[in-house]
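> When you get a sec, could you give me coordinates for this:
(chains A and B)
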Amino acid sequence: MLDLTARTQTPKTAAEVVELVADAGAMGRPLEIIGGGTKRGVGAVEADSVLSLAGLDQVIDYAPEELVLTAQAGVTLASLETLVAAQGQMLPFEPPHLNRLLKTKGEPTLGGALAANLSGPRRIRAGAARDHFLGLQAVTGRGELVKAGGRVVKNVTGYDLCKLIAGSWGTLAVLTEVTIKVLPAARAERTLLFFGLDDGRANAAMVQAMNAPAEVSGAAHLPHAVAARAPLNGRMAVTALRLEGFEASVAARADHLAAALKGFGPSETLDGRRSRDFWLQVREVEAFHNNPRRLWRLCVPPSVGWKVGQALAGEAIYDWGGGLVWLASDAEPAAVRSAIRALGGHATLYRGDGPTFEPLAGPLAALTARVKAAFDPKGVLNPGRMGPGGATV
Amino acid sequence: MKMPLPDAAVIARKAEIVRALQRLVPGEGVIGDPAGLVPFQSDGLSAYRQTPLAVVLPETVAQVSAVLAWCQANGVKVVPRGAGTSLSGGALPLTDGIVLGMAKFNAILEVDYPNRCAVVQPGVTNLAITGAVEADGFYYAPDPSSQIACTIGGNVAENAGGVHCLKYGLTTNNLLGCEIVLMSGEVVRLGGKGFDAAGYDLLGVVTGSEGLLGVVTEVTVRLLTKPQTARALLLGFASVEGAGAAVADIIAAGVIPAGMEMMDSPAIRAAEAFVHAGYPTEAAALLIVELDGPEAECAELSAQVVALARARGATSIQVSTSEAERLSFWAGRKAAFPAVGRIAPDYFCMDGTIPRKQLPHVLTRITEMSVQYGLGVANVFHAGDGNLHPLILYDADQPGQLEAAEAFGADILKLCVAVGGVLTGEHGVGVEKRDLMGEMFNETDLACQQRVKCAFDPDLLLNPGKVFPRLHRCAELGRVHVHRGAVAFPELPRF
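Residues are numbered from 1 along each chain as shown, chains lettered A, B, ... in the order given. Got it, this is the predicted structure:
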């Protein structure tokens, strides 16, 4: 039996989630929705009660040969990663865990990774969480249990509500059960490192690499000041290109790429675990774990990302293949947003004072507010998290 | 197949409507005469035909906006249309609505290699995008069979797939942004050249919305670098089970081929008779497996796939040794639909997806249904992702055969759902599968989707009668409380 007066509710079934959300709607008492609670600081929620999905943590079905996995939303990423690795598979969107970056307790969950539409350095080849989100069961702010999508890898039946829920940060519906696509893990990986390039030259190298038929699955540039920090403790800027796949293919592509980019200086290679460790620290933004400045996640067209360092003071990690720039900066939030908009992107404040999400305006803001109202007319779920701004989401 | 009852009052206003639209889109932009409307009566699902009130062919976003705003203000329904190749009736006209044809939006606006994307107008054909960039070593990955004719705007609306989507994804995985015009006439940009947009992923929900949410006026697509080599393998099997087991083994070995297609015996024979691709006509099942990447990768993986096929008792194995041979292996598969068109006057192409392990069971059941309905069937199948395309053969001139084919198709799709699959993998719901939506979704699920529709198009004027088996007025939906799957307003009209 649920104790509806407790501050944090941890339902064990989807029916209990329905009951909690319906009750919250009837009482006019909004809910903060959490998985492991690792991203709670990203976007302030105006709610006194917490609904935790930690009690819905079971894998329902995993069929490696069908490339699909169905699990409850509260299953931890770590347990899933172990489960699929045992079958030689992976979560292709390489979700960052971010708990060390955000200095939060708890374990990141699959539902949280989907709700935030996380992605890793492999994004340019494999996409984000949204691209692997095949089906869902969720409770809308109306307290209705709905399903969308399916449990097969190819499906266009009905609206793709999975995409809409991915990246909605729990403001539209509470995920209870999800189906994702998994893929075979790469048998081998190799990273080419180039040293001492300035941001512009590094961008040129990454553009050339991405436009070669080398299937680069990660491209990142850490300027000198960033590379000098832990964990790399390097002496020079480092620009990295990752190749993954079957051994012979990786070797052939690495040779081709090293030759094609020799104008950028001699390269060194990282194989296997050393390569994995390098990309793990990029994914988890490790160089900024102890940086006291505001931390921004900037989404910009990849080839203009390097201009962030020219437009704004601070330090940047250029995750070109992830389509991201992580910026640690004391610049005023308004100045950051306007500089990034000028580059054709948008900015999300992950750590530090100020509104988290990019405000929307015009017809898009109005449309967004109508979509929110369609799912959650009373504003029960995570109120304020993605707003205020053009739309109160 | 029933469509919503036409609004006689709107039809009576036809002359006035045409005049008003001509003011918005001058010149030859409005077609109202009966003869001129005939080519627009149907799309790729030619079993269904209706004559629209008028066809409007705008040339600018401002015209699209003005037409939609006028139609909203005047209660006129709008059916958007690209090239009209939909296989599910997505562009089937309404007799009391206009068709908004986007064919004149046919410019490639920008190719941006540093950001690996192209910005194009919606009337550009799928193949023309690749055509514009292939000399530079790039291509646009989704490749529906109709790619020579179908438009990218239609691909966005239908979330089109193709034989390469196992490895490279559907349309939705290959878009960065689009501009859409809402029924209100408001122009909204979703996404851009970055990988994420601010706010909700509205691009994701518009993609595959079958023209019910907005009219696409510009698309930013991702470009990929062309693989250095591609090699096709033609593998014959004495049984469907053997071929299915080989597919499972290939995936289990960690190989994701660029394409993996299966054909059954009737499809093999029809294709071979049509294009003489060298297919083994004695085989019960044929697999075409395409591998792409660096030469070293293709060599390693094709040896691996051959070994796996042999272990599952492949009766014939051919590996392409030249680009010409690779294309000839594909020729039969790509011509499978017209090839089947030669052996029957009419056919329906179904599109369910199933968990692959269910394939032998589902094909056995389809064969039994074929006997039961007295109609032939040939199966082509995107084996890698479990997307079935049974082609039901019939003759519309024989009384009762169309209805029998529809019933046969419905039974196949119900079976797909029953074994854990879905109604449509890439062709869309349209009118064709609209009345089967209840097989997959209950009323609560459908009401949730329809509220999204209402957020975009509160008067339900954009492509009504498609996708949803019931029309709920948005004001009623707002109040509808669905309890345990039962609607509170069962008296609302069905159509």
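> name the element whichever residue of the stretch 1-150 of chain B sits closest to chain A belongs to?
Using Cβ to the nearest Cβ, the single residue of the stretch 1-150 of chain B nearest to chain A is B:P114, 3.6 Å away. Quick note: C-beta positions are derived from backbone N, CA and C, even for glycine. Following DSSP states H and E, there is no helix or strand that holds B:P114.
> Kindly state the domain boundaries assigned to the chain.
No chain specified, so I'll use chain A. A:1-185+A:357-393, A:186-356 (automatic domain parsing).
> I was thinking of chain B, sorry if that wasn't clear
Using automatic domain parsing, chain B is parsed into the domains B:7-101, B:108-225, B:228-342, B:437-487.
> And chain A, is the third one touching that?
Read it as domain B:228-342. Yes. Interface with chain A: domain B:228-342 contributes B:228, B:248, B:251-252, B:254-256, B:293-297, B:299-301 (Cβ under 8 Å from any Cβ of the partner chain).
> Determine how far that domain lies from the middle of the whole chain.
Remark: domain B:228-342 is offset 23 Å from the chain centroid, using Cα atoms, centre = their mean, to the nearest Å.
> I'd like to know which of the residues of domain B:228-342 next to chain A are buried.
B:228, B:248, B:251, B:254-256, B:293-294, B:296-297, B:299-301 (16 or more other Cβ atoms under 10 Å in any protein chain shown).
> Could you list which of those residues belong to helices?
Under the assignment DSSP state H, those contribute B:A248, B:I251, B:A296, B:E297, B:A299, B:E300, B:L301 to helices.
> okay if I get those as CSV plus pLDDT?
Output for these, formatted as CSV (pLDDT from 0 to 100):
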residue, pLDDT
B:A248, 91
B:I251, 92
B:A296, 90
B:E297, 92
B:A299, 94
B:E300, 93
B:L301, 96
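> and those, which two are the farthest apart?
For those, the farthest-apart pair by Cβ to Cβ is B:A248 and B:A296; their separation is 25.7 Å.
> who are the neighbours in contact with whichever residue of the stretch 201-350 of chain B sits closest to chain A?
As assessed by Cβ to the nearest Cβ, chain A sits closest to B:G204 within the stretch 201-350 of chain B, at 2.4 Å. Neighbouring residues of B:G204 by Cβ atoms under 8 Å, 6 or more residues apart in numbering or on different chains: A:R130, A:D160, A:C162, A:K163, A:L164, A:A166, B:T172.
> and the last one, what pLDDT?
What it means is B:T172. pLDDT for B:T172: 98.
> Chain neighbours aside, what residue packs nearest to it?
Spatially, and ignoring its direct neighbours in sequence, B:T172 is nearest to B:T207 (4.3 Å; Cβ to Cβ, 6 or more residues apart in numbering or on different chains).
> From A:A166, how far off is the residue sitting nearest the centre point of chain A?
Against the mean C-alpha coordinate of chain A, by Cα atoms, centre = their mean, the closest residue is A:L118 at 1.6 Å. For A:L118, the distance to A:A166 (Cβ to Cβ, to the nearest Å) stands at 9 Å.
> so where is the chain shaky, pLDDT-wise?
I went with chain A, as the question did not name one. A:1-6, A:388-393 (pLDDT under 70).
> ah, no, chain B please
In chain B (pLDDT under 70), the answer is B:478-495.
> Thanks again, I'm all set now.
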